[in-house]
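Q: After the sequence you'll find the predicted model.
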Amino acid sequence: MSLGFSVDELLPKARGGGVLKMGLAKLDESEWLQADPDLAARAAGFDAFPEGVQRLPEGDAGGRELAAMLGVEGALPEAAAAHHEDMCLLTRRDGEDHYRLVGAAVAWPSDWTPADKLGLPLRALHAPIQGYEEQLASGVDHFMAKLKPGAIYGRCNWFIAATGERRWIADPPELAFAHVTAENAGQTLFVRSERQTLRRLPRTGAILFTIGIYVDPLGELASASIHRLADATRSLLDGEGERRGTGAYAHALIGYAKAREEEAGQ
């Protein structure tokens with residue numbers, strides 16, 4: 001299955017509300033990483049956010065293995081700087097059955113700080129996600145334990161942001177979206193999609209988690225994508241709206257989508 005490498009391509013494969021699911025698709029090697037990274041943008045991202053690189057000593061071997069596998073000199077930071085995707089490494093400590101974040105090279109985080117997450121087990125990493133512990137935690141732990149080297153799995157998600165910046169630190173929703181209306185939503189709302197992949201490194205057994213960030217103004221998306229987002233936003237109002245700040249932008253997004261649909265029907 002191909003996930004694609006753009007917001008319009010990723011949205012149809014992303015969850016739109018309801019029960020949390022991993023929603024994984026098995027990928028071929030050719031579908032793993034974006035083939036044409038903007039290396040200048042990556043360098044600028046890491047220069048602006050040097051604290052995005054965080055490592056524990058127990059992740060060093062996995063970082064070196066990853067770099068060698070990608071044909072890059074160095075370790076985890078150099079591997080991530082040479083590709084579009086941010087990269088994180090997870091390993092299990094002796095005597096533990098859960099994975100921890102032991103390395104991160106993240107230029108474009110989606111409202112998280114690697115230093116705050118370093119060393120945490122998966123359940124603690126995902127604690128802010130409403131419903132994760134009840135609906136998804138056990139399934140994720142089982143998947144990680146059974147993941148074999150050579151297999152690559154991908155998934156995607158989406159967020160609505162009030163900025164097109166790739167490094168996104170969310171302001172309180174009532175402030176971030178205060179200027180957004182149905183009339184200007186096409187230019188003031190931005191759709192942010194994460195293209196995530198998981199694979200186990202064969203020698204060290206570390207698990208690599210990659211995050212490819214794609215951001216577009218709402219108004220530049222295909223009509224089908226805008227319609228899909230409007231439907232999903234209605235669903236989120238009854239579920240995860242508080243966590244995602246949906247209530248602060250929902251009226252504007254749905255109103256914009258309706259106006260676009262009416263305009264297309266004329």
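A: Received, thanks. Residues are numbered from 1 along each chain as shown.

Q: What is the burial count for residue 142?
A: For residue 142, the neighbour count with other Cβ atoms under 10 Å is 10. Where C-beta positions appear, they are placed from N, C-alpha and C, glycine not excepted.

Q: Can you give me the buried ones in stretch 82-101?
A: Applying a neighbour-count criterion of 16 or more other Cβ atoms under 10 Å, one finds 82-92, 98-101 buried in stretch 82-101.

Q: no wait, stretch 153-169
A: Buried residues in stretch 153-169 (16+ other Cβ under 10 Å): 153-163, 166-168.

Q: quick one: which of the residues you listed sit in strands?
A: Among the buried residues of stretch 153-169, the ones falling in strands (DSSP state E) are 153-161.

Q: one step back: quick one: which of the buried residues of stretch 82-101 is nearest residue 49?
A: residue 86 (10.4 Å; Cβ to Cβ).

Q: For the closest one, name its beta-bridge partners.
A: Judged by DSSP bridges, the bridge partners of residue 86 are residue 211.

Q: List the contacts of it.
A: Contacts for residue 86 (Cβ atoms under 8 Å, 6 or more residues apart in numbering) come out as 52, 80, 104-109, 210-213.

Q: picking up where we left off before, taking the buried residues of stretch 82-101 together, which two end up most distant?
A: 82 and 98 (30.0 Å).

Q: mind listing what the residue nearest to the spatial centre of the chain touches?
A: Closest residue to the average C-alpha location of the chain: residue 194 at 3.1 Å, with Cα atoms, centre = their mean. Contacts for residue 194 were tallied using Cβ under 8 Å, 6+ apart; they are 110, 156-158, 211-214.

Q: Next, the angle strand 152-161 makes with the helix or strand harbouring it.
A: Here residue 194 sits within strand 190-200, counting by DSSP states H and E. Strand 190-200 runs at 160 degrees relative to strand 152-161, counting by axes from the mean of the first three to the mean of the last three Cα atoms, to 10 degrees.

Q: tell me the mean pLDDT for strand 190-200?
A: Averaging pLDDT along strand 190-200 yields 96.

Q: so residue 196 touches residue 152, yeah?
A: No. Counting by Cβ atoms under 8 Å, residue 152 is not a contact partner of residue 196; they are 11.3 Å apart.

Q: shaky segments in the stretch 1-150 of the chain?
A: Scanning the stretch 1-150 of the chain for pLDDT under 70 picks out the ranges 1, 16-23, 124, 126-140.
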